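K.L.:
Here is a sequence together with a model predicted from it:
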Amino acid sequence: MTSTDDPAATAAAQDAQFSARLDTAIREFFAAERERVTAISPDATRLVAAIADLTDGGKRLRARLCHWGWCAAGGEAGSDVVVAAAASLELFQTAALIHDDVLDRSDTRRGRPSVHRVFEAVHREAGWAADPEHFGVGAAVLTGDMSLSFAEQLFAEAAAGVAPAAGAAARHIFSSMRTEVMAGQYLDIHAEVAPPSHDAAVQLERAMTVLRYKSAKYSVEHAVAIGAALAGADDEFLAACAAFTLPLGEAFQLRDDVLGVFGDPETTGKPAGDDIREGKRTALIALCSAGCSPAQRQWLESVLGSERLTEEDVARVRDLMRSSGAHERSEQLIADLVASSDAALAVLPTGEVPRAGLRALADAAVRRTR
């Protein structure tokens, strides 16, 4: 069977072609911005270099979903418009990762030093004055802000290439996405310090709210919707997309939370137990708390957010998550969300090639090890 007869094969070829075009566009964008910033001062070039380094080598999930949202709504595969929009989402993701690592005081990202640690190391190696850690955080905040600015720049370019109504619709989604992610990030750090609810259902709902707005909606739902809106999709089509993408986004983040505890650090690029060490009130923690005895729950609360967390503590939390049924219930919740997403994708009013492209990315999002 040739690729013209097989929607999945055609979609895979188009996805690869788009990814190659996207990588080229991002490299060219960074080359131009590096030149512009270097003209201000060579000392500032490190900002662009840090963004480029972190953007390089990601899975491009959001960008590729944006492309297939565009195609699903009738857009031409590989159009300059969707390439610019997809690149914008990549730069937004980079900004979110930089700021997230500052907020979480994470030392690594994708197996390499996080941006604030990179700048801290630059300070130490140069022997500059004052506090290297403070410099690293300050430089990372500015780097993340610059990446947000780049994302806006690229999105404006994409919106300018379509009809005004389509551009305005996509702009509304893009603006909502930015606000929701910032609110979700705040709720995430708020949950780390505020007293937890004694009601297990409330704990889980709070965790799902953070998950939904910090990650699920922007990682999947908004990525597809921006592409579709730029292609001229109406409200009915966007609602049909959301029925597929929101449960998928939630399953994606739940999988991320599971990997944060049970994943192999060599594969995930993050130390095992980071979410526990940072005191993250994930859905997995809420489910574990609900299934624990009072004594076990008290111990779990004592180690959440502890800087003195040991490998033995992490192993004990894993055991508790298994024995309490939290791991199993989390996997079942993922499976239920995936089933809901699959059913909605099956009836999405689009062609078989875009459907196959979306299905392949959906599978990759939830059946992964990193």
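P.N.:
Done, it's in. Residues are numbered from 1 along each chain as shown.

K.L.:
going forward, measure contacts and count neighbours with C-alpha atoms only.
P.N.:
OK.

K.L.:
Contact partners for Glu266?
P.N.:
By CA atoms under 8 Å, 6 or more residues apart in numbering, the contact set of Glu266 is Gly111.

K.L.:
Tell me how far it lies from Gly57.
P.N.:
Note on Glu266: its distance to Gly57, by CA to CA, to the nearest Å, is 16 Å.

K.L.:
Quick check: Thr350 is in a strand.
P.N.:
No. Using DSSP: H, G, I helix; E, B strand; the rest coil, the assignment for Thr350 is coil, not a strand.

K.L.:
Would you check that Glu250 makes contact with Leu337?
P.N.:
Yes. Counting by CA atoms under 8 Å, Leu337 is a contact partner of Glu250 at 7.4 Å.

K.L.:
ok, Val118 touching Val137?
P.N.:
No. The criterion here is CA under 8 Å, and Val118 misses it with Val137 at 9.8 Å.

K.L.:
The two - which one has more neighbours?
P.N.:
Val137 (23 against 19; other CA atoms under 10 Å).

K.L.:
Need the nearest residue in space to the more buried one, chain neighbours excluded.
P.N.:
Spatial nearest neighbour of Val137, chain neighbours left out: His116 (5.1 Å); criterion: CA to CA, 6 or more residues apart in numbering.

K.L.:
By residue count, which helix of the chain is the longest?
P.N.:
Determined from DSSP state H, the single longest helix within the chain is helix 7-40.

K.L.:
what's that helix packed up against?
P.N.:
helix 45-55, helix 61-72, helix 80-104, helix 352-366 (3 or more CA pairs under 8 Å, 6 or more residues apart in numbering; DSSP states H and E).

K.L.:
can you tell me which of those helices comes nearest to Asp313?
P.N.:
Among the helices and strands packed on helix 7-40, the nearest to Asp313 by CA to CA is helix 80-104 (19.3 Å).

K.L.:
Counting by contacts, list what that closest one packs against.
P.N.:
helix 7-40, helix 45-55, helix 61-72, helix 115-126, helix 132-159, helix 222-230.

K.L.:
Which residues are in contact with Val48?
P.N.:
By CA under 8 Å, 6+ apart, Val48 lies in contact with 30, 33-34, 37, 143.

K.L.:
wait, Gln153
P.N.:
The contact partners of Gln153, by CA under 8 Å, 6+ apart, come to Ser88.

K.L.:
Would you check how far apart it and Ala160 are?
P.N.:
Gln153 sits 11 Å away from Ala160, going by CA to CA.

K.L.:
element containing Gly78?
P.N.:
Under DSSP states H and E, no helix or strand contains Gly78.

K.L.:
Skipping its backbone neighbours, what lies nearest it in space?
P.N.:
Counting by CA to CA, 6+ apart, the residue nearest Gly78 is Phe18, at 5.5 Å.

K.L.:
Near that neighbour, how many other residues are there?
P.N.:
Counted with other CA under 10 Å, Phe18 comes out at 22.

K.L.:
What mean pLDDT does stretch 328-348 get?
P.N.:
What stretch 328-348 shows for mean pLDDT is 97.

K.L.:
Repeat that for stretch 88-99.
P.N.:
pLDDT averaged over stretch 88-99 gives 97.

K.L.:
and it, how far from the chain's centre?
P.N.:
On the basis of CA atoms, centre = their mean, to the nearest Å, stretch 88-99 is displaced by 8 Å from the centre of the chain it belongs to.

K.L.:
Just the buried positions in it, please.
P.N.:
Within stretch 88-99, the residues that count as buried by 16 or more other CA atoms under 10 Å are 88-99.

K.L.:
Tell me which residues of stretch 34-45 come out buried.
P.N.:
Applying 16+ other CA under 10 Å to stretch 34-45 flags 34, 37-38, 45 as buried.

K.L.:
what's that stretch in contact with?
P.N.:
Contact with stretch 34-45 is made by 48-49, as judged by CA under 8 Å, 6+ apart.

K.L.:
From the contacts of Val48, pick the one nearest Thr350.
P.N.:
The closest of these to Thr350 turns out to be Phe30 (CA to CA; 34.5 Å).

K.L.:
Just give the number of residues close to that closest one.
P.N.:
16.

K.L.:
For it, which residues are in contact?
P.N.:
Per CA under 8 Å, 6+ apart, neighbours of Phe30: 48, 52.

K.L.:
about what we covered before: any idea how far the residue nearest to Val137 lies from Ser340?
P.N.:
Counting by CA to CA, the gap from His116 to Ser340 is 39 Å.

K.L.:
ok, now Phe244?
P.N.:
For Phe244, the distance to Ser340 equals 7 Å [CA to CA].

K.L.:
Looking at these two, which one has more neighbours?
P.N.:
Remark: of Phe244 and Ser340, Phe244 carries more neighbours, 27 against 17, as counted by other CA under 10 Å.
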